[in-house]
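> Here is a sequence with its predicted model. Questions after.
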Amino acid sequence: MHSTRCLKEPAPMSRDALLATLNDAVGKRVLRPLDMAFARFIAECDPTASPQLLLIAALTSRQLGGGHPCLNLHALDNLADEQEWPTAWRDLLHAEPLPASPLLAGHDGLPDNAPLVHDQHRLYLRRYWQYERRVAEGIKARLGVIALPADTLRHELQRLFPTPNQHGVDWARVACALAARSAFSVITGGPGTGKTTTVVRLLGLLQTLHLSENTSALRIRLAAPTGKAAARLNASIAKQIAKLDVDTHVRTSIPQEVETLHRLLGARPDTRRYAYNRQHPLHLDVLVIDEASMIDLEMMAAVLDALPAHARLILLGDKDQLSSVEAGAVLGDLGRRADEAHYDATTAAWLRSISGDDVEGHVTGDAQPLDQHVVMLRSSHRFDATSGIGQLAAAVNAGDNARVTTLLDTKSKDVAWISEGTTGASLALDGNATQFSDDASGHRPHGFRFYLDHLRQTRPPDDADNASYRQWARGVLDAFSHFQVLCAVRQGPAGTDRINRDIAAKLLAAGLIESDRGWYEGRPVMMTRNDYTLGLMNGDVGITLRMRGPDGSLRLYVAFPITRDSPYAAADDDNHVRCVLPSRLGDTETVYAMTVHKSQGSEFEHTALILPDDAPAILTRELLYTGITRARSWLSLISSRGALEQALSQRTRRYSGLAQRLSHS
Ligand SMILES: Nc1ncnc2c1ncn2[C@@H]1O[C@H](COP(=O)(O)OP(=O)(O)OP(=O)(O)O)[C@@H](O)[C@H]1O
């Protein structure tokens, strides 16, 4: 469509006729009611606004619903096909130039009250244009090189990486070296590639370098986008700090507490504003954010706004995972060139002299400043060469259909493929254990019977104290987190709604739960919205348990795991459980099965991933990869061959201008 844009006149169409097509599109779910409302708002604000302007307003708004911060005018053809736009719109969109209107600002953002901004070949709602610019500016301001004492750096790197690397370049060492000399770095890699281990070494290095010249330590904060991800990093970081070979005062100056980004920034109920911002920056020198693939554009803008100018930002995450639920694909944009690395000759020479790593094979002529701040960790220490999960994840990432098929057709110790005959609910009780080859260690995957048996077998006596009940609740929550069913969609025969109902019915029939409706003991629920009053966030998972109330009676409560930094974490209680009456919980849903999107930031010993046959558009390589990599020890994949092939053949694409803004820094 772009190639012909300047050749045609817009097809005549009245505003009313256009608004009628928008209305139709809402009926067909091509547009959201919100997009229609935005077009109407533009029509009301500017009685002269052309039909073309109203249409691009609706489409730009619609893009946000699909996670794109902008409407890419160079991709109109693709979008029209993907999103099934009516043909009546196509002619209108061919018109060039875009109509002049006080409601449409240029790339300088003027007029500054215009709700739409046209920058290069992209159209934005102003708020998202501002976020993107602020993110780009915040990152660009940190792309300089920090001068470091070379001898000390060399010596400390040798101390942190004492064993010579057998496989050429030690990417963890490269990550530490490059991140040490800059205020912005991205460390990306798949599951178990050593991101946490590397960042702990990096923090040890930064703190050692700093303390060699200063008396007070660097103020370091660790954060993650969700409570689950924060809790996971909390557990792994503590282990890695204990192993770190640095002086004791350096080790004790590295924090172990990981907080959620919302809490770090001081989120306030019912507002998008945070307590920490440009006017009131955070009190820190180094900020590490894990699971950065989950950070959307708006959140990243808020983080960069709140970061003091001198502070370093280190992002950890897996660039190949699904992007954030909200608009933007920040880590994907930042890491899009990470596979090849694209270092320049200066970076390569510096690395050779400092860490001894030879990255010559990753030097390219088109190296960009951002590339010098991105390192990809390339081998998994969690999945060995025989691990089905590890090999499958790699083959999916590469889109290698033949390899995926070979791997799935071979019986393995940790992957079972069920291509027909079950919807997934039937394996939910016992976890499909018979489908896996024997594990030499005797470990077996479990299903939901595991936590429900645990619930019954470890229940405290009626007269037990509150602490015993909380300890019990923690144990049940831990047992529940062993197994999770993941679906690609919510609706349809393989969607979470249906699978949750089916699983509850099976558990009821097996006598494992007392009801499959309303609130019953054992019911797992997920928060579907942030509740700042209760200190619970969208995505938090709790389990309904009969527990002791303040009046001593036993009642149903929902027990949620909370992070140590939560205001509800009792100092005298290591169980970190928050118990809430079901009647106080607003939006929740049953969560034997959750969507892959919601599972980001979590891992389960055994994951059952169900792909639908009736929702091909949703199936992408990133979704499949994200679902597979939620499994730590066992994966049951329930999918037809067709659904798998569909997922492998499609990529998730987010239209954004961030990469381009950063490419000419
Ligand atoms: N260079 C290494 N050599 C050997 N083992 C390592 C190395 N780096 C990390 N490990 C081990 O591999 C495991 C995974 O490491 P780590 O938790 O740092 O990876 P990650 O990328 O952060 O994982 P996740 O996917 O859970 O975020 C840990 O047990 C860690 O001790």
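Thanks, I have it.

> how about the residues of this structure near the ligand?
Residues of the chain that fall close to the ligand, judged by CB under 6 Å from any ligand atom: Ala172, Gly189, Pro191, Gly192, Thr193, Gly194, Lys195, Thr196, Thr197, Ser236, His381, Arg382. The way it works is simple: take the backbone N, C-alpha and C, and place the C-beta from them, glycine included.

> Among those, which one sits closest to Tyr592?
The closest of these to Tyr592 turns out to be Pro191 (CB to CB; 23.4 Å).

> Next, that closest one: secondary structure please.
Remark: Pro191 carries the secondary structure label coil [criterion: DSSP: H, G, I helix; E, B strand; the rest coil].

> Check the burial of the closest residue to it other than its chain neighbours by counting its neighbours.
Distances taken as CB to CB, 6 or more residues apart in numbering put Thr629 closest to Pro191, at 4.7 Å, once the chain neighbours are dropped. Counted with other CB atoms under 10 Å, the neighbours of Thr629 add up to 27.

> For Ala302, list the residues it contacts.
The neighbourhood of Ala302, defined by CB atoms under 8 Å, 6 or more residues apart in numbering, consists of Leu265, Tyr274, Asn277.

> and it, that one's in a helix?
Yes - Ala302: assigned to a helix according to three-state DSSP.

> Off-centre distance for stretch 408-420?
27 Å (CA atoms, centre = their mean, to the nearest Å).

> average model confidence for that stretch?
The average of the pLDDT scores along stretch 408-420 is 86.

> Restricted to helices, list the contacts of Ala302.
Among the contacts of Ala302, the residues falling in helices (DSSP state H) are Leu265.

> Buried ones only from the contacts of Ala302, please, as a ChimeraX command.
In ChimeraX, the members of the contacts of Ala302 classed as buried (16 or more other CB atoms under 10 Å) are selected with the following command:
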select :265,274
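
> Now Ile314. Its backbone dihedrals?
Listed backbone geometry of Ile314 is phi -120, psi 120, with angles given as degrees, to the nearest 10.

> what about it, neighbour count?
26.

> Identify the bridge partners of the nearest residue to it once chain neighbours are set aside.
Using CB to CB, 6+ apart and skipping the chain neighbours, the partner closest in space to Ile314 is Val288 (4.7 Å). Going by DSSP bridges, Val288 is paired in beta bridges with Leu222, Ile314.

> how much space between Val288 and Thr386?
Remark: distance between Val288 and Thr386 (CB to CB, to the nearest Å) = 32 Å.

> In terms of neighbours, single out the busier of the two.
A count of neighbours by other CB under 10 Å puts Val288 above the other of Val288 and Thr386, at 27 against 10.

> Pretty sure that one sits against Thr198.
No - with contact defined as CB atoms under 8 Å, Val288 and Thr198 do not form a contacting pair (10.8 Å).

> before we move on, the earlier item: which among the residues of the chain next to the ligand end up buried?
Of the members of the residues of the chain next to the ligand, the ones counted as buried by neighbours, 16+ other CB under 10 Å, are Ala172, Gly189, Pro191, Gly192, Thr193, Gly194, Lys195, Thr196, Thr197.

> Who are the contact partners of the fifth one?
For Thr193, the contact set (CB under 8 Å, 6+ apart) comprises Leu377, Arg378, Ser379, Ser380, His381.

> can you confirm Leu316 is in a helix?
No - counting by three-state DSSP, Leu316 is located in no helix; its state is strand.

> For it, give me the pLDDT.
On the pLDDT scale, Leu316 is placed at 96.

> and the gap between it and Val199?
Here the distance between Leu316 and Val199 works out to 6 Å (CB to CB).

> Spatially central residue in this structure, please.
Geometric centre of the chain, nearest residue: Met294, 2.3 Å, by CA atoms, centre = their mean.

> Give me the pLDDT for the nearest residue to it once chain neighbours are set aside.
Leaving aside its chain neighbours, Met294 sits nearest to Pro225 (4.2 Å; criterion: CB to CB, 6+ apart). At Pro225 the predicted local confidence, pLDDT, stands at 91.

> next one: Thr271
Thr271 carries a pLDDT score of 75 in this model.

> now the residue nearest to Asp245 when sequence neighbours are not counted, what's its secondary structure?
Sequence neighbours aside, Arg159 is the residue nearest to Asp245 in space, at 6.2 Å (criterion: CB to CB, 6+ apart). Using three-state DSSP, the secondary structure recorded for Arg159 is helix.

> Count the neighbours of Arg159 for me.
The number of residues near Arg159, taken as other CB under 10 Å, comes to 14.

> now Glu257
Close neighbours of Glu257, defined as other CB under 10 Å, add up to 15.

> Surely Leu237 and Leu222 touch.
Actually, residue 237 is Ile. It isn't Leu. Yes - with the criterion set as CB under 8 Å, Ile237 and Leu222 qualify as a contacting pair; they are 6.7 Å apart.

> any residues in contact with both of those two?
Counting by CB under 8 Å, 6+ apart, the residues touching both Ile237 and Leu222 are Val258.

> Where does pLDDT dip in this structure?
The model of the chain has pLDDT under 70 over residues 1-12, 96, 165-167, 421-424, 433, 437-442, 563-575, 665.

> mind giving me the domain ranges of it?
In the domain annotation for the chain, the residue ranges read 15-120, 143-381, 395-649 (the TED database).

> need the contact list for Arg134.
When contacts are counted by CB under 8 Å, 6+ apart, Arg134 is found next to Ala301, Leu304, Asp305.

> try Trp634
With contacts defined as CB under 8 Å, 6+ apart, the neighbours of Trp634 are Ile389, Asp414, Val415, Ala416, Gly431, Phe436, Pro445, Glu605, His606, Thr607.

> Let me know the distance separating the closest residue to the fourth one other than its chain neighbours from the ligand.
Of all residues beyond its chain neighbours, the one nearest Ala416 is Gln435 (3.6 Å), with distances taken as CB to CB, 6+ apart. Going from Gln435 to the ligand by CB to the nearest ligand atom, to the nearest Å gives 25 Å.

> tally of neighbours for Gln435?
15.

> So it sits against Ser419, correct?
No - applying CB under 8 Å, one finds Gln435 not in contact with Ser419, separated by 11.6 Å.

> picking that back up, how about the domains of the chain in TSV, adding distance to Tyr128?
Output for the domains of the chain, formatted as TSV (distance: least, CB to CB, whole Å):
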stretch	distance to Tyr128
domain 15-120	4
domain 143-381	6
domain 395-649	20
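
> Go through these and name the closest to Tyr655.
Among those, domain 15-120 comes nearest to Tyr655, with 4.2 Å by CB to CB.

> gap between the two ends of that closest one?
26 Å (CA to CA, to the nearest Å).

> State the distance spanning the first to the last residue of stretch 529-538.
4 Å.
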